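Asker: Have a look at this fold, sequence not included:
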């Protein structure tokens, strides 16, 4: 299995978190980009539909915030951190298969303004996530 990008953080529910980006100002809070991992999209199979929260939606870490439907099943997407959704990847409405072809790039799901920046630090690093996947 391919390695996982080292610059991302991960959850045990198979979401990744990137950020905060350089453009995030401290006054506006830290913004992170969220997606599902390559491992998750492989396990799901061909993704045919994605349901994502609208901008302005408050999310809580560990709670479902949307779903991904594949030819095999429907799976919840969990918020990796608490905060406010500031944008959803609208490309996924018409081309949900971007999650399969580019899970760490064009297949991102949402951007969240994080309410507690230290929450990102508590997520798994690439090695920790790889170990979690290997154990399951």
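Answerer: Thanks, I have the structure now. What you see is a predicted model; the values in this text were computed from it and never measured.
Asker: helix or strand right after the worst-scoring helix or strand of the chain on mean pLDDT?
Answerer: Sorted by mean pLDDT, DSSP states H and E, the helices and strands of the chain end with helix 118-121, the least confident at a mean of 89. Where DSSP states H and E defines the elements, the next helix or strand beyond helix 118-121 is helix 126-135.
Asker: Got the confidence number for the closest residue to residue 57 other than its chain neighbours?
Answerer: Using Cβ to Cβ, 6 or more residues apart in numbering and skipping residues adjacent in sequence, the residue nearest residue 57 is residue 85, 4.5 Å away. Every residue, glycine included, has its C-beta placed from N, CA and C. With respect to pLDDT, residue 85 scores 97.
Asker: Residue 85 pairs with what?
Answerer: residue 112 (DSSP bridges).
Asker: my guess is it meets residue 60, correct?
Answerer: No. If you go by Cβ atoms under 8 Å, residue 85 and residue 60 don't touch, sitting 11.7 Å apart.
Asker: Tell me which of those two has more neighbours.
Answerer: residue 85 (22 against 13; other Cβ atoms under 10 Å).
Asker: wait, is residue 43 part of a strand?
Answerer: No. Going by DSSP: H, G, I helix; E, B strand; the rest coil, the assignment for residue 43 is helix, not a strand.
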